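Undergrad: Here is the input, now give the coordinates:
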Amino acid sequence: MPITRISPAEAAAKLLEGLTYVDVRSEEEFEGGHPEGAVNVPWAHMSAGGMTPNPDFVAAMSALFAKAEPKVVLGCRSGNRSMRAAEALAVDGWGPLFEQRAGWDGVRDPFGKVSEVGWARAGLPVATGQPEGRSWADVKRKVRP
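TA: As a prediction, this is how the structure comes out:
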């Protein structure tokens, strides 16, 4: 199934249509700020050695959403992790998938200048913390009760 890369504004429009924003950033990043109403399913976890892949990612997504018609927009900080997450789901037979290409912060050129603003910089609705039922701690209980 194809992965459609969309802008923050297009992602916000998809949420108004009833899709769910799945923030694949780490718990710490999610807590600091995320799209309002987002669910946190980390693609990787922060560790002393950097980022460690989340072995429960696909299982968690399967516990939350229908594989054939997931109705999700995947996003991260800049579009890299969410694209890898979308590719992993596509290999597992998911689709269609929407990936928010500019993520939370935005896409940067090789010199660090923002070339496309992300969700936060676009002024779209933002929340902080670990909302009940949408935090990774709550989601993983559905995978490993």
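Undergrad: quick one: contacts for the residue nearest to the spatial centre of the chain?
TA: In the chain, the residue lying closest to the centroid (C-alpha atoms, centre = their mean) is D23, at 2.6 Å. Residues near D23 by C-beta atoms under 8 Å, 6 or more residues apart in numbering: 29-30, 34-35, 38-41, 75-76, 104. (C-beta placed from N, C-alpha, C; glycine too.)
Undergrad: What of T128?
TA: 31-34 are the contacts of T128 under C-beta under 8 Å, 6+ apart.
Undergrad: what's the answer for E29, then?
TA: Per C-beta under 8 Å, 6+ apart, neighbours of E29: 23, 77, 104.
Undergrad: Let me have the residues you listed in TSV, extended by distance to A12, secondary structure and pLDDT.
TA: Formatted as TSV, those follow (distance: C-beta to C-beta, whole Å; DSSP: H, G, I helix; E, B strand; the rest coil; pLDDT from 0 to 100):
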residue	distance to A12	secondary structure	pLDDT
D23	14	strand	98
R77	17	coil	94
W104	13	coil	96
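Undergrad: Serialize those to a markdown table and add fields for distance to G133.
TA: As requested, the contacts of E29 are exported to a markdown table (distance: C-beta to C-beta, whole Å):
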| residue | distance to G133 |
| --- | --- |
| D23 | 14 |
| R77 | 23 |
| W104 | 21 |
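Undergrad: out of those, who's nearest S47?
TA: R77 (16.9 Å; C-beta to C-beta).
Undergrad: Surely that closest one touches R101?
TA: No. Contact criterion C-beta atoms under 8 Å: R77 and R101 do not qualify, at 11.8 Å.
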